[in-house]
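Sharing a model prediction with you, sequence too.
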Amino acid sequence: MDKLRAINLFVRVAETGSFTLVADELNASKSMISKELSKLEADIGVRLLHRSTRHVVLTPAGEGYLAHCREILLKLSDADAYVQRLNPLTQGKLRINAPMALATTHLARMFTEFMQAYPNIALDIHLDDAPIDLIEKGFDLGFRASSRPLESNYVGKPLISFKYHVVVAPSYLASHATITTPADLSHHQCFVYSYFKGKAHWPLGEGVDISGRLKVNNILFMLEAIKAGLGVGFIPDFACRASLANGDVVEILQEAERPTLTLYALYPVRHHLPPALKTCVSFLQAWFHREFADDAHLVYQKNHGN
């Protein structure tokens, strides 16, 4: 038995709760993974997992073993990173989680340039708007927008700051009551982004509760409905700036106060940062600075440092 391989399999099954997902990740069979974990359990003499047709649940011993296994794998990764730093040619593989709208509007172009600059770094990019635990899901890098301090077990490198805009199609304004204050929004069709932390409460001025007949987990999908004149949206400027520029939508309530958010490249705290990850984060910061340093909507946060 390859114990290190078995430990890797155990950690991934424990984190995903599914033999099927891990099998798909590795292009392997569920039976092979199950046999490897059975051998691991036999080797240490303890049952680590309770298996059923639908669920995989850690035993109490499995929960403790998982914590130790994560430490082992992190130390091994640190050892690899130490050696790789001695290699003049940056190489490696990065597993990255990115939000759909940002990936479509900016990151696709950025990562294309990154791949051209660093042909020895392989990327495994997963696009998903849902907030996830990067450590639990095994990601090296993710992106988060926040106006508050980040969790202490993550390092966040600032990329840009941005604000939200209240946007609406001219056709909607022409056929509905005038909107002059945030409070007026309570009488309009206002669309809800499923993963917005405020849900149906928009932080405009003193705040306003909104409602509407569309709730969706993708900003660009929502923007299409707004452009069609069906309602009002609270959209980050990286997603709506092109539509504002070409007149598909217009901004209202520009004087109302709203929070400024910072977009971070986020990765788990570790002793040795893998060269590929360090290179990618530095590239991200430089790219956003170059693209948006003079942009009124997206401003690089120089005061945060590197």
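Sure, I can see it.

quick one: stretch 126-143 to chain centroid distance?
Put simply, stretch 126-143 sits 5 Å off its chain's centre (C-alpha atoms, centre = their mean, to the nearest Å).

got a list of contacts for that stretch?
Residues outside stretch 126-143 that contact it (C-beta atoms under 8 Å, 6 or more residues apart in numbering) are 12, 15-16, 94-103, 107, 144, 153-154, 159, 194-195, 217-219, 263-268, 274, 277, 280-281. Where you see a C-beta, it was placed from the backbone N, CA and C, and this is true even at glycine.

Counting only helices, which of the residues you listed make the cut?
Within those, residues falling in helices by DSSP state H are Arg12, Glu15, Thr16, Met100, Ala101, Leu102, Ile219, Leu277, Cys280, Val281.

distance of the third one from Leu9?
It refers to Thr16. Distance from Thr16 to Leu9, counting by C-beta to C-beta, to the nearest Å: 11 Å.

where does Ala61 land in three-state SS?
Three-state call for Ala61 (DSSP: H, G, I helix; E, B strand; the rest coil): helix.

State whether it and Leu49 are indeed in contact, as I suppose.
No - Ala61 is beyond contact range of Leu49, at 9.9 Å (criterion: C-beta atoms under 8 Å).

Now do the strands in the stretch 151-300 of the chain.
154-168, 192-193, 201-202, 208-209, 215-216, 232-236, 250-252, 260-268 (DSSP state E, counting those that start in this stretch).

Check the stretch 1-150 of the chain too.
49-51, 56-58, 92-98, 121-127, 142-146.

how close does the residue of the chain most remote from its centre sit to Ala61?
For the chain, the C-alpha farthest from the mean C-alpha position belongs to Gly45; by C-alpha atoms, centre = their mean, that distance is 38.6 Å. From Gly45 over to Ala61 the distance is 10 Å, taken as C-beta to C-beta.

which residues are common contacts for the two?
With C-beta under 8 Å, 6+ apart, Gly45 and Ala61 have no common neighbours.

Val216 touches Tyr195, doesn't it?
No - contact criterion C-beta under 8 Å: Val216 and Tyr195 do not qualify, at 9.9 Å.

And stretch 101-109, end to end?
The first and last residues of stretch 101-109 sit 13 Å apart, counting by C-alpha to C-alpha, to the nearest Å.

do stretch 223-242 as well
11 Å.

before we move on, what about stretch 203-215?
The first-to-last residue distance of stretch 203-215 comes to 18 Å (C-alpha to C-alpha).

Tell me the buried residues in it?
Buried residues in stretch 203-215, counted by 16 or more other C-beta atoms under 10 Å: Pro203, Leu204, Val208, Ile210, Gly212, Leu214.

Which residue, other than its chain neighbours, is closest to the fourth one?
By that I understand Ile210. Leaving aside its sequence neighbours, Ile210 sits nearest to Cys190 (C-beta to C-beta, 6 or more residues apart in numbering; 3.6 Å).

partners of that neighbour in the sheet?
On the basis of DSSP bridges, Cys190 is bridged to Val232.

That one and Leu214: what is the separation?
9 Å.

who touches both of those two?
Shared contacts of Cys190 and Leu214, defined by C-beta under 8 Å, 6+ apart, comprise Gly231.

quick revisit: widest-spaced pair of the buried residues of stretch 203-215?
Spatial extent of the buried residues of stretch 203-215 (C-beta to C-beta) is set by the pair Pro203 and Leu214 at 19.8 Å.

before we move on, back to that, next one, pLDDT for the residue farthest from the centre of the chain please.
Reading off the confidence values, Gly45 has pLDDT 92.

gap between the closest residue to Ile121 other than its chain neighbours and Lys39?
Counting by C-beta to C-beta, 6+ apart, Ala276 is the residue found nearest to Ile121 once chain neighbours are left out, at 4.9 Å. Ala276 is 32 Å from Lys39, where distance means C-beta to C-beta.

Likewise for Gly229?
62 Å.

Looking at the two, which is more packed in?
Set side by side, Gly229 and Lys39 show more neighbours around Gly229, with 17 against 14, by other C-beta atoms under 10 Å.

Neighbours of the spatially closest residue to that one that is not a sequence neighbour, how many?
Nearest non-adjacent residue to Gly229, counting by C-beta to C-beta, 6+ apart: Ser171, 3.7 Å away. Close neighbours of Ser171, defined as other C-beta under 10 Å, add up to 12.

cool, the one 4 residues further on as well?
For Ser175, the tally of surrounding residues (other C-beta under 10 Å) stands at 9.

residues contacting it?
Each residue near Ser175 by C-beta under 8 Å, 6+ apart is listed here: Gly229.

Distance check, it against Ser243.
For Ser175 relative to Ser243 (C-beta to C-beta), the value is 19 Å.
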